[in-house]
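Novice: Sequence first, predicted coordinates after that:
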Amino acid sequence: MTTKVLVVDDSALIRNLLGEIIKGEEDLTLVGAAPDAFVAKKMVQQFSPDVITLDIEMPKVDGLRFLDVLMKAKPTPVVMISTLTETGADATMRSLELGAIDFIPKPKLGVVQGIEEYRQLILDKIRTAAKSKVRKQRTTVAKSTSALTYSSTEKIIAIGASTGGTEAIKTIVESLPANAPATVITQHMPPGYTSTFAQRLDGVSRLKIVEVKGDERLLPGHGYLAPGDRHMEIVRSGADYRIKLNDGERVSGHRPSVDVMFNSLVTSAGANVVAALLTGMGRDGADGLLALKQQGAYTFCQDEDSCVVFGMPKVAIALGAPAKVLPLDSIAQAMVTQLEKMKAGSRL
């Protein structure tokens with residue numbers, strides 16, 4: 001059985017390019033290419049596609065409005081085609097909140113060459129979306145955890161995620177108390193989007209969350225998001241932890257890589273870490289989570305039912321990497337409970 005794909009884009013060039021890429025794959029079937037939301041609505045009803053690629057910027061009814069209606073009427077895995085601008089990045093983050101599975105940045109220049117270079121990325125995103133679980137937009141605010149009874153620069157919270165991770169990370173950080181330990185986050189995301197994602201996290205969290213620039217000292221009450229296309233490592237500097245960025249080779253196909261972040265913490269922080277591996281395709285983070293557990297860190301994985309894509313956590317669980325496997329909504333409280341047990345010997 002092949003995956004039925006509908007392309008929705010106001011650009012005839014993009015429709016044709018995406019259509020040719022999809023038609024060239026035996027496991028994918030192009031069921032239609034719609035120039036606007038009105039035609040797309042009819043095609044959704046006619047063909048019931050398994051995956052939709054959707055342009056954010058369309059005339060008459062934009063992609064966000066169409067996505068919102070689609071998710072309420074006929075939830076379908078959607079991969080957004082996004083423009084790499086500040087406005088486009090903000091709209092992309094909004095589309096993920098509405099329930100889109102993932103996104104592909106549209107090339108700024110040389111569209112034909114750019115799309116061809118993205119061929120494998122496009123196919124990977126479509127195939128991942130086909131295996132994903134569509135998540136309904138959350139209408140309730142995450143339950144806040146109580147403040148910790150201590151504050152320490154010695155403890156670290158570490159979170160890694162991929163597909164579906166933007167909303168999963170948001171669920172955790174908006175629940176953490178204002179005096180939570182420094183929280184380091186790696187989400188698979190291209191450059192140009194992590195700044196907007198950090199701003200959105202900062203807006204819902206009691207932590208001060210920033211996109212990392214490099215050499216930051218980790219402080220309680222702060223969150224640090226790895227920038228797109230750069231690995232983030234946490235290193236010891238005397239009594240402090242500091243952040244080091246590098247442009248090394250991709251790990252498990254990714255930069256930033258969750259494994260790179262987790263493995264740096266094995267050396268620098270060990271048993272002072274509470275770590276969680278969340279939704280995502282592939283295995284990035286699984287080996288690092290196991291190494292952390294073996295070093296005395298307390299480790300969590302998101303459970304299958306609450307994952308958009310049960311890939312990275314599934315591999316980690318098979319390795320025996322998590323101490324606990326929990327629903328997404330339970331992880332923040334479990335982290336705080338564990339941190340309370342670890343307070344002996346903490347320092348500022």
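Specialist: Now that the structure is in, tell me what you want to look at.
Novice: What is the subsequent helix or strand relative to the worst-scoring helix or strand of the chain on mean pLDDT?
Specialist: One helix or strand of the chain scores below all others by mean pLDDT, DSSP states H and E: helix 111-117, with a mean of 71. Next in sequence after helix 111-117, counting helices and strands by DSSP states H and E, comes helix 119-131.
Novice: How far away from the center of its chain is the least confident helix or strand of the chain?
Specialist: Chain-centre distance of helix 111-117: 24 Å, with CA atoms, centre = their mean, to the nearest Å.
Novice: how about that helix: buried residues?
Specialist: Buried residues in helix 111-117, counting neighbours by 16 or more other CB atoms under 10 Å, are found at residue 115. Every C-beta, even on glycine, is put in place using the N, C-alpha and C of the backbone.
Novice: before we move on, what about stretch 57-67?
Specialist: Neighbour counts using 16+ other CB under 10 Å place 57-58, 62-64, 66-67 of stretch 57-67 among the buried residues.
Novice: picking up where we left off before, run through the neighbouring helices and strands of the least confident helix or strand of the chain.
Specialist: Here helix 111-117 touches helix 12-23, going by 3 or more CB pairs under 8 Å, 6 or more residues apart in numbering; DSSP states H and E.
Novice: tell me the mean pLDDT over the helix it packs on?
Specialist: Helix 12-23 shows a mean pLDDT of 92.
Novice: got a list of contacts for it?
Specialist: 5, 7, 9, 28-30, 33, 35, 53, 55, 81, 106, 111-112, 115-116, 119, 122-123, 126 (CB atoms under 8 Å, 6 or more residues apart in numbering).
Novice: Also compute the angle for it relative to helix 119-131, please.
Specialist: 70 degrees (axes from the mean of the first three to the mean of the last three CA atoms, to 10 degrees).
Novice: Strands of the protein, residue ranges please.
Specialist: Using DSSP state E, the strands of the chain run over residues 3-8, 28-34, 51-55, 78-83, 102-106, 156-161, 182-187, 208-211, 222-225, 231-237, 240-246, 273-277, 298-302, 324-326.
Novice: what comes up buried for the third one?
Specialist: It stands for strand 51-55. Applying 16+ other CB under 10 Å to strand 51-55 flags 51-55 as buried.
Novice: related to what we said a few turns ago, could I get the strands of the chain as JSON lines with distance to residue 267?
Specialist: Putting the strands of the chain into JSON lines (distance: least, CB to CB, whole Å) gives the following:
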{"stretch": "strand 3-8", "distance to residue 267": "42"}
{"stretch": "strand 28-34", "distance to residue 267": "43"}
{"stretch": "strand 51-55", "distance to residue 267": "41"}
{"stretch": "strand 78-83", "distance to residue 267": "36"}
{"stretch": "strand 102-106", "distance to residue 267": "32"}
{"stretch": "strand 156-161", "distance to residue 267": "13"}
{"stretch": "strand 182-187", "distance to residue 267": "14"}
{"stretch": "strand 208-211", "distance to residue 267": "24"}
{"stretch": "strand 222-225", "distance to residue 267": "18"}
{"stretch": "strand 231-237", "distance to residue 267": "8"}
{"stretch": "strand 240-246", "distance to residue 267": "11"}
{"stretch": "strand 273-277", "distance to residue 267": "11"}
{"stretch": "strand 298-302", "distance to residue 267": "16"}
{"stretch": "strand 324-326", "distance to residue 267": "24"}
